[in-house]
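Peer 1: Fold the following and give me the result.
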Amino acid sequence: MRILLVEDDIMIAEAAQAGLLQDNFAVDCVNTGEAALNALALVEYDAILLDLGLPKMSGLDVLTHMRNSGRKTPVVIISARDQIADRVKGLNLGADDYLVKPFDLGELSARIIAVTRRAAGRANNVLLVGDIEVDTVAKRVTYQGKVVALTAREYAILLCLLQRLNHIVSKRQLHDAVYAWADDVESNTMEVYIHQLRKKLGVDTIKTVRGMGYSISGQLG
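Peer 2: Predicted structure coming up:
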């Protein structure tokens, strides 16, 4: 899951990024509203963590621009402003959640998972497709009733495909979902991960659509 963190306080940004990386999120960091909008024009993020007190263009301005342009990406506001009026304004402008600084990193991860789950229209944190079951909170994957050990990147790729069930996901889309800007990526890395997932979850689980990408077919249980 790829996250955009918009925060101008370097210490808070570094701490939040480190915590999210430990929870297997790919995180891109920017420190201005203008940079956030530029990033959103290039990458389809799963969620956005948005500070309000940004220089020049405020977080609320970024949020307003996003929603007015039709962008539905889940947004969690992270702010030191703890007044009820600030929370109400942020939520009314289209934020999905509001977290007051200082915050617990475990709670931050939980809120990201919650807003992305709601955005996908799911009632709980479990994805069940055929013989595959994924608990998105515990980050536990089972296949035919047995726990399967996946690397962080394998897990992220599987989750991306399951969240786009019955759709073709291009190699570029998988890269965008799994890798942050700072990550080094070799040209054949995605093929290697897909190969490993097939070994662990069945050779027919992930279909290759030649020249277009990959797909998992099925019905959510």
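Peer 1: Quick one: list the elements packing against the helix or strand of the chain with the lowest mean pLDDT.
Peer 2: Least confident helix or strand, the chain: helix 171-178 with a mean of 84, by mean pLDDT, DSSP states H and E. On a contact count with 3 or more CB pairs under 8 Å, 6 or more residues apart in numbering; DSSP states H and E, helix 171-178 meets strand 2-6, helix 152-163, helix 189-201, strand 213-215. C-betas here are computed from N, CA, C, even on glycine.
Peer 1: For the nearest residue to residue 44 once chain neighbours are set aside, give its distance to residue 45.
Peer 2: What sits nearest to residue 44 in space, not counting adjacent residues and going by CB to CB, 6 or more residues apart in numbering, is residue 176, at 6.1 Å. According to CB to CB, to the nearest Å, residue 176 stands 8 Å off from residue 45.
Peer 1: And residue 205, by the same measure?
Peer 2: 26 Å.
Peer 1: Also residue 140?
Peer 2: For residue 140, the distance to residue 45 - CB to CB - is 24 Å.
Peer 1: out of those two, which sits in the busier spot?
Peer 2: Each of residue 140 and residue 45 has its neighbours counted (other CB atoms under 10 Å); residue 45 has more, 24 against 15.
Peer 1: and that one, that's in a helix?
Peer 2: No. With DSSP: H, G, I helix; E, B strand; the rest coil as the criterion, residue 45 is coil rather than part of a helix.
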